[in-house]
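Participant: Below is the sequence, then the predicted model.
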Amino acid sequence: MIVTIYSSALSGMDAYKIAVEVSVTRGMGYQITGLPDESIKESLTRIAIAIDRMGYYMPRTKLVINLAPADIRKYGTAFDLAITTGILLASEQVFDLGKLADYCIAGETGLDGKIYPVRGALCMACQAKRDGFRGIIVPACNAPEASLVKGIEVYAVNHVQELLDFITADCAMEPYKNTRNRTTTIVTKDEPDFKDVKGQQNAKRAMEIAAAGGHNSLLIGGPGIGKTMLAKRLAGILPPMTAAESLETTKIYSLIHQSEPVHGLITTRPFRNPHHTSSDVALAGGGSYPLPGEISLAHNGVLFLDELPEFKRSAIEVLRQPLEERKVLIARAKMSVQYPASFMLLAAMNPCLCGYYGHPSRPCTCSKRAMWWYRRRISGPLLERIDLHVEAESVPLTELMETVPAGECSATIKQRVVQARRLQTERFKDQEVVYCNAQMPDAMIDTHCNVEVSARKFLLKNIDQLQLSARSYSRILKVARTIADLKSSKLIELPHVAEAIHFRSLDKPFVFKKDK
């Protein structure tokens, strides 16, 4: 007897309908076909024990399980529940009343028949809706995230027997209803506030511009002056996520193993802070069956790389393509997957190896060769893709100790950022994948970046003096457009261009000055 049950296979963020065909015929032996990986092949061992524990038996004849289409590589444990049900139906130990054809099934089977959660339930629910299924049956732990997809019924099961009772009895299973908040956040602690930052007006202004336009930024300053402090406060002034951004970010987090399952849409923009010892695979993603890395987990949020020159050169260079194309393609011998990677890069570095080049009181101990070696760790092409080069200045101790009125709070800065983003939303309303000025294609610069005559002359003069590339030219215009948006100005004026050029300090020729 041959039975067919539908399940789902993951390939990156996409899921595909898989027909689990189970055949029990005369002969001997068990076989799984259709490009299964080792986790699927070994599933028969635990499924056999689960079937025995539930009072059923494994067929003593030839058992063939085919996962169709056979040209798509399958991996993971999400097929366990479908295979278990298919074996019992094909061996005529249970009988389906014609219900299973309307449902997609996913779940891992334990030795006692208990159902364990799987990765990517949200992606599978999207696939089930797209393929016209009435509903999807998932482990109870995955039901909250699967229920985020509107227009499809989600059924939660804790044990294989619950599914068997549903398909063999003339009764209906109650769809899962998410009683929790449909939103969730990644950060649970109170967000730090800009009002606690004393001094650093130049850096705070740069953080506001970066948040308003989604620009990549690099903080440059000596140790202990507050670069990390400023970076951690950037998340507090970012605008709220759109519905599309929230769903896409949640799908990415659905693909990774987490201590806490996803219960609702992620509405807080991610802030990822990997250690400088992270490898290129940790940043870009990878593995035999590639999972998203830090740059994809920071999608629609911020990727903060502290001590940027201390990262491996290969890890830093991984960022070049995603910064330009806002996606990452991971190619392996077995498969290739693509993940979104539209993130704001925020990096921090010291001005030199010892960290005290240009310090008002402490002398720099670096030689010219050491200085050259330290700066060389960050390539020119990567610096061109960073819009703002921000020099964070040392705050005098007397100013730190003074009891002065608090500066602007993050809420006040966020209001200006949100207002600037509204202008950009209206500007790019006809573009599906463009949400802010930093994402503006170069072909749209002439349309949206109207520069007054004096500002254009000033810009061309500085481009010629600094010998900047065409990429740097376009990024200066995008930053100037954001500064103009913060002032609600339709025209890019001279002060806007001058401030944008001011934040390109690393483009200036480096002159080594040995402290006396």
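Facilitator: Sure, I can see it. Keep in mind that what you see is a predicted model, and the values were worked out from it rather than measured.

Participant: Is the closest residue to G287 other than its chain neighbours part of a helix or strand, or is it coil?
Facilitator: Among residues not flanking G287 along the chain, V281 sits closest, at 7.5 Å (C-beta to C-beta, 6 or more residues apart in numbering). All C-beta spots, glycine's among them, are computed from the backbone N, C-alpha and C. When states are read from DSSP: H, G, I helix; E, B strand; the rest coil, the local structure at V281 comes out as helix.

Participant: Give the next helix or strand downstream of the lowest-mean-pLDDT helix or strand in the chain.
Facilitator: When the helices and strands of the chain are scored by mean pLDDT, DSSP states H and E, strand 183-184 comes last with a mean of 52. Counting by DSSP states H and E, the element after strand 183-184 in chain order, helix or strand, is helix 201-213.

Participant: buried sites along that following helix?
Facilitator: For helix 201-213, a neighbour-count test (16 or more other C-beta atoms under 10 Å) marks A203, K204, R205, A206, M207, E208, I209, A210, A211, A212, G213 as buried.

Participant: mind listing what the following helix or strand past that helix pairs with, with the direction of each?
Facilitator: With elements assigned by DSSP H and E, the helix or strand that comes after helix 201-213 is strand 217-220. Applying DSSP bridges, strand 217-220 is found paired with strand 344-349 (parallel), strand 388-391 (parallel).

Participant: what are the ranges of the strands in the stretch 51-200 of the chain?
Facilitator: Assignment of strands within the stretch 51-200 of the chain using DSSP state E, counting those that start in this stretch yields the ranges 62-68, 103-105, 108-109, 115-116, 135-139, 153-157, 183-184.

Participant: Just the terminal-to-terminal distance for stretch 267-277.
Facilitator: Terminal residues of stretch 267-277 are spaced 29 Å apart (C-alpha to C-alpha, to the nearest Å).

Participant: Same question for it: list its buried residues.
Facilitator: Of the residues in stretch 267-277, those scored as buried under the neighbour-count criterion (16+ other C-beta under 10 Å) are T267, T268, R269, P270, F271, R272, P274.

Participant: One more: stretch 294-310?
Facilitator: Within stretch 294-310, the residues that qualify as buried are 294-306, 308-309, counting by 16+ other C-beta under 10 Å.

Participant: Same question for stretch 365-382.
Facilitator: By neighbour count, with 16+ other C-beta under 10 Å as the criterion, the buried positions of stretch 365-382 are C366, M371, Y374, R375, I378, L382.

Participant: out of the residues you listed, who's nearest G286?
Facilitator: Nearest to G286 among the buried residues of stretch 365-382: L382, at 20.3 Å, using C-beta to C-beta.

Participant: A helix includes that closest one, no?
Facilitator: Yes: L382 forms part of a helix when assessed by three-state DSSP.

Participant: Hmm, it is touching V318, no?
Facilitator: No: contact between L382 and V318 fails when scored by C-beta atoms under 8 Å: they sit 10.1 Å apart.

Participant: Could you list the low-pLDDT ranges of the stretch 51-200 of the chain?
Facilitator: Applying pLDDT under 70 to the stretch 51-200 of the chain flags the ranges 179-190.

Participant: need the helices for the stretch 1-150 of the chain, in chain order.
Facilitator: All helices of the stretch 1-150 of the chain, identified by DSSP state H, counting those that start in this stretch, fall at 38-41, 43-53, 80-90, 121-130, 143-146.

Participant: in the second one, what's buried?
Facilitator: By 16+ other C-beta under 10 Å, the buried positions in helix 43-53 come out as S43, L44, R46, I47, A48, I49, A50, I51.

Participant: could I get that helix in CSV with only the CA atoms?
Facilitator: The C-alpha trace of helix 43-53 is given here as CSV (Å, rounded to 0.1, in the frame of the first residue of the first chain):
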residue,chain,number,x,y,z
SER,A,43,15.1,8.9,12.0
LEU,A,44,13.8,5.4,11.3
THR,A,45,15.6,4.1,14.4
ARG,A,46,13.8,6.5,16.8
ILE,A,47,10.6,6.2,14.8
ALA,A,48,10.6,2.4,15.2
ILE,A,49,11.0,2.7,19.0
ALA,A,50,8.2,5.4,19.2
ILE,A,51,5.9,3.2,17.2
ASP,A,52,6.5,0.3,19.5
ARG,A,53,6.0,2.4,22.6
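
Participant: contacts for stretch 123-133?
Facilitator: Counting by C-beta atoms under 8 Å, 6 or more residues apart in numbering, the neighbours of stretch 123-133 from elsewhere in the structure are 6, 8, 10, 13-17, 78, 102-104, 106, 135-136, 138, 145-149, 151-152, 154, 251, 254-255.

Participant: still on that earlier bit, where among the strands paired with strand 217-220 is average confidence lowest?
Facilitator: Considering the strands paired with strand 217-220 one by one, the lowest average pLDDT is found for strand 388-391, at a mean of 92.

Participant: residues in contact with it?
Facilitator: Strand 388-391 is contacted by residues 202-203, 206, 209-210, 215-221, 383, 479, 503-507 when judged by C-beta under 8 Å, 6+ apart.

Participant: try 6 Å
Facilitator: The set of residues external to strand 388-391 that reach it, using C-beta atoms under 6 Å, 6 or more residues apart in numbering, is A203, A206, A210, H215, S217, L218, L219, I220, F503, R504, S505, L506.
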